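[1] A structural model of the following input is requested.
(chains A and B)
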Amino acid sequence: MAAPPDDDVLWARELHYAYDGSPALQGVTLGVREREIVTVTGPRGSGKTTLLGCLSGRLAPKSGEIWFNSLPVHTLGRQSRERLRRDRFGWIGSEPQLVPELTAWENAALPLLLNGARQRTARSSATEWLERLDIADCARKRPAALVQSQRQRVAIARALASRPAVLFADEPTAPLHRTDRLHALRTLVSAARSHGITMLLATHDPAAGATDEVVGTSVADRRISLVDGRHARPTGAPDTKGSATCSLFV
Amino acid sequence: MLLRRLLLVGASGGVGFLLLSALGYALEHPEATGDARIRLLWCLVPLAATVHLAAAVARTETGARAMSGLDAAGIGPARLPALAAVSATLSSLLGSALGLLVFLLLRGDVHGVPYSGVASELLGGQRPMPTAAALTLLCVTPLSAACVSALTVRTAPTRRGVPAPARTEPTGPEAASPRAVPDTAAQPVRQTRAAGAVRSAYPGTAGAPEHGPGPAPSEPAGARRQSVTAPAGLPWGTALVATGVALVAFTHSGPSSALRGDELLPLPGTLDGSPPGVLLGWLLTACGLVLAGPGLTYLCGRLIGLGRPGVLRLLAGRTLQEEARRIGPPVGAMCAVASGGLAALELYGDLPAGEPRVFGPLTALGAGLVLCCVAASLLTATGECRTARTAATDTLRHIGAPRSLLRRAAAVRGVSLVALLVPVIWAVGTLAALPLRSTVG
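    So this is what the prediction gives:
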């Protein structure tokens, strides 16, 4: 078992995963450095979500290794992976995935509360993030009373409020309109930059010409393209770091 | 699903059997028309419970998950009531047929099988059975179950109003129109944490002081009302219960009631002197409890989440509030049955041995049937809630909520609901029995 490179916060080797026999990932290898923002691109069905799921410990890969710092994620049991996800990882899906009976601030504070934070602390932290995302006035409303873009911002606040080490964003802008997409992506990226959060961002196919792809290439440090569960081109090796264009053009 | 249908079959079979028993009693005692009529009327209680169960089953079977598949196959919401009605009719018809079979068997009309005619005396086995009357009685359950199921399914989407919140498309005007200042919001994160400072530093955001650059607080119509407000039934239910108890007390203490010890019993068996006021009062009390069920459940959820709850109490309380509309009516029915049982025990539990027997086999069958139906409705509603909450549970699991937390939250919900309802049941049961009891004493 090869030890991961020292400067990689997240490192995966030869990941294989299959949904009931139909292969989704076929030998993906990648390494992500600390504070790096990596976009994972590819068409639908190329394995982006599965890759993020495996890396974040939601899915257990059929074979392959995943290391988070010096922790072998692929050997962890279900409960340990749960704890790791709760303590160190954040997740933003393409759907807001909010708990319908909780208000916006309670949803945003949920990871903190689950980690055992006191209610007052969790509340102030969640409210702070809601303010930064310009939805502080929705803090006491339930998800059903919000529009989709507001809900997605609550989901972003939830992912950021627990100060994760690594943030997994799986097409976080998919349900949004173009202006909302731009806004949400910029918020995410600038939050990750300012708080030193490592981020993996799955986005659509570049051929689709979507707005987030335009943003994604310009804000990300590196891009990984997947096709049919494999690398479209070998960019996974840590020594081939990309163009490092970190400009946020704001 | 099979279990639910089988329960429905069993319940309608039991009701059919009870109805036929009433018919048998009437055949056996042609002179006691009033008594027979009352027996028939008492069959309405199990019938109501069965119909309630049928409605719960119909609601569950046409839940959101089943709906999407059927919708794709071409059976839209307009045709669903017909589907529910047919399903309920088939189950109930099968049950009624079984009930008829058992009735004929016990009565002694089917020869050559064991237990043939063991209860022929009780079921009026000496006289021939009028076919038309029996068939009419047997059709009552399927017809009422079909009607109520169809109505439940037809009114369900608007009355219960449970769209999956994550799927609700934005309907506000802002959802379609581009926002005025989309670019400035990325800056605040880098610059400062205080929103006030952000707004003063960025005139673009300061231009929208109340709502920020995001959408104005226009909400999907009705979305807020349905999830936040408490169910309205609690005051009405309380009023009905109070009226019912008062009516029982008033009717019974009045001079017109001349009950003797052996005529006290308004149950099938010995029954001449049950004043209609008492029955009406009990009926009102039961209705009041059913009406108050959602409100009580909501109140319980509210009480769990009082103060500054931790994550366990928060989740348990809010979930109970959310589920109040679904599990409330069965919970209320359960309360009504339990307090009815308590009242019956208080009244007849300690009668001296010389009194006429009050709990005959038919009474036991009816009571058991009602109890089973109500319990099954409650379980069905609980299952429906669990199905409806799948998305929320998945979300919690994704965030990393441990399984034990969810289990503990469910336990807290159950225990606190029981803790709230037991005093209510005890109070209502005792109050309903109190006037009658004082007369006996």
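[2] these two touch, right, residue B:338 and residue B:427?
    No. Between residue B:338 and residue B:427 there is no contact under CB atoms under 8 Å: 11.7 Å. C-beta here means a position set from N, CA and C on the backbone, and glycine is covered the same way.
[3] more crowded one of these two?
    residue B:338 (20 against 14; other CB atoms under 10 Å in any protein chain shown).
[4] could I have stretch A:38-57 exported to PDB, CA atoms only?
    Coordinates of each C-alpha in stretch A:38-57 appear next as PDB, following Å, rounded to 0.1, in the frame of the first residue of the first chain:
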ATOM      1  CA  VAL A  38     -10.500  21.400  -8.300                       C
ATOM      2  CA  THR A  39     -13.400  21.200 -10.800                       C
ATOM      3  CA  VAL A  40     -14.500  17.800 -12.000                       C
ATOM      4  CA  THR A  41     -16.200  18.000 -15.400                       C
ATOM      5  CA  GLY A  42     -17.800  15.600 -17.700                       C
ATOM      6  CA  PRO A  43     -21.200  14.800 -19.200                       C
ATOM      7  CA  ARG A  44     -24.000  13.200 -17.300                       C
ATOM      8  CA  GLY A  45     -23.300   9.700 -16.300                       C
ATOM      9  CA  SER A  46     -19.500  10.200 -16.400                       C
ATOM     10  CA  GLY A  47     -19.100   9.400 -12.800                       C
ATOM     11  CA  LYS A  48     -18.700  12.900 -11.200                       C
ATOM     12  CA  THR A  49     -21.200  12.400  -8.400                       C
ATOM     13  CA  THR A  50     -20.000   8.900  -7.800                       C
ATOM     14  CA  LEU A  51     -16.400  10.100  -7.500                       C
ATOM     15  CA  LEU A  52     -17.400  12.800  -5.100                       C
ATOM     16  CA  GLY A  53     -19.500  10.300  -3.100                       C
ATOM     17  CA  CYS A  54     -16.600   7.900  -2.800                       C
ATOM     18  CA  LEU A  55     -14.100  10.600  -1.900                       C
ATOM     19  CA  SER A  56     -16.500  12.000   0.800                       C
ATOM     20  CA  GLY A  57     -17.000   8.600   2.300                       C
END
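[5] how far is that stretch from where the chain is centred?
    Its chain's average C-alpha position is 10 Å from that of stretch A:38-57, according to CA atoms, centre = their mean, to the nearest Å.
[6] do it and chain B meet?
    No. If you take CB under 8 Å from any CB of the partner chain as the test, stretch A:38-57 misses chain B, and the best it gets is 9.1 Å.
[7] buried ones in the helix or strand containing residue B:24?
    Using DSSP states H and E, residue B:24 sits within helix B:2-28. By 16 or more other CB atoms under 10 Å in any protein chain shown, the buried positions in helix B:2-28 come out as B:4-5, B:7-28.
[8] Show the pLDDT at the closest residue to residue A:38 other than its chain neighbours.
    If the residues on either side of it in the chain are set aside, residue A:38 comes closest to residue A:222, at 4.9 Å by CB to CB, 6 or more residues apart in numbering or on different chains. pLDDT, residue A:222: 84.
[9] what's around residue A:222, how many residues?
    Neighbourhood size, residue A:222 [other CB under 10 Å]: 21.
[10] Isn't residue A:123 up against residue A:107?
    No. The pair residue A:123 / residue A:107 is not scored as a contact, 11.8 Å apart, by CB under 8 Å.
[11] Specify which residue of these two has the higher count of neighbours.
    Under the criterion of other CB under 10 Å, the comparison of residue A:123 against residue A:107 puts residue A:107 first, with 28 against 19.
[12] what's the neighbour count on residue 148?
    Using chain A. 24.
[13] My question was about chain B, not that one.
    Counted with other CB under 10 Å, residues neighbouring residue B:148 total 20.
[14] Kindly state the pLDDT recorded for it?
    92.
[15] just the one 4 residues further on next, same as before
    Looking at residue B:152, its pLDDT is 85.
[16] Once you drop chain neighbours, what's closest to it?
    Per CB to CB, 6+ apart, closest to residue B:152 is residue B:55, 4.4 Å.
[17] Helix or strand for the one you found, just tell me which one.
    Assigned by DSSP H and E, residue B:55 falls within helix B:44-61.
[18] before we move on, what about residue A:174?
    Using DSSP H and E, no helix or strand contains residue A:174.
[19] give me phi/psi at it?
    phi -60, psi -40 (degrees, to the nearest 10).
[20] cool, the one 10 residues further on as well?
    With angles defined as degrees, to the nearest 10, residue A:184 shows backbone torsions of phi -60, psi -40.
[21] if I pick it, what's in contact with it?
    Taking CB atoms under 8 Å, 6 or more residues apart in numbering or on different chains, we find residue A:184 in contact with A:149, A:152-153, A:156, A:172-173, A:176.
[22] quick one: low-confidence ranges for chain A?
    Applying pLDDT under 70 to chain A picks out residues A:1-6, A:205-219, A:233-250.
[23] For it, which segments count as strands?
    A:8-19, A:22-33, A:37-41, A:63-68, A:71-72, A:89-92, A:166-170, A:198-202, A:222-227, A:230-231 (DSSP state E).
[24] I figured residue A:140 hits residue A:107, correct?
    No. The pair residue A:140 / residue A:107 is not scored as a contact, 11.4 Å apart, by CB under 8 Å.
[25] Would you confirm that residue B:316 belongs to a strand?
    No. Counting by DSSP: H, G, I helix; E, B strand; the rest coil, residue B:316 is not part of a strand but helix.
[26] Residue A:31 is in contact with residue A:8, isn't it?
    Yes. Between residue A:31 and residue A:8 there is a contact under CB under 8 Å: 4.1 Å.
[27] These two: which is more packed in?
    Shown here are residue A:31 and residue A:8; by other CB under 10 Å, residue A:31 has more neighbours (22 against 19).
[28] List the contacts of the residue nearest the centre of chain A.
    What sits nearest the mean C-alpha location of chain A, by CA atoms, centre = their mean, is residue A:168, with 1.2 Å. Residue A:168 makes contacts with A:52, A:55-56, A:89-92, A:199-200, as judged by CB under 8 Å, 6+ apart.
[29] who touches both of residue B:338 and residue B:427?
    Between them, residue B:338 and residue B:427 share no contacting residue under CB under 8 Å, 6+ apart.
[30] sorry, back to before: the residue nearest to the centre of chain A and chain B, how far apart?
    Separation of residue A:168 from chain B (CB to the nearest CB, to the nearest Å): 11 Å.
[31] Quick check: bridge partners of that residue?
    Beta-bridge partners recorded for residue A:168 (DSSP bridges): residue A:91, residue A:200.
[32] Could you see whether chain A lies near stretch B:319-333?
    Yes. Stretch B:319-333 comes into contact with chain A (CB under 8 Å from any CB), by way of B:319, B:321-322.
[33] Now restrict these to buried residues only.
    B:319, B:321-322.
[34] Output these in TSV; the columns should cover pLDDT and secondary structure.
    Formatted as TSV, these follow (pLDDT from 0 to 100; DSSP: H, G, I helix; E, B strand; the rest coil):
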residue	pLDDT	secondary structure
B:319	91	helix
B:321	90	helix
B:322	88	helix
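[35] Next, the buried residues of stretch A:12-24.
    Neighbour counts using 16+ other CB under 10 Å place A:12-13, A:15-17, A:23-24 of stretch A:12-24 among the buried residues.
[36] Those residues of the stretch 251-400 of chain B touching chain A, which are they?
    Within reach of chain A by CB under 8 Å from any CB, the stretch 251-400 of chain B has these residues: B:308-311, B:314-315, B:318-319, B:321-322, B:391-392, B:394-396, B:398-400.
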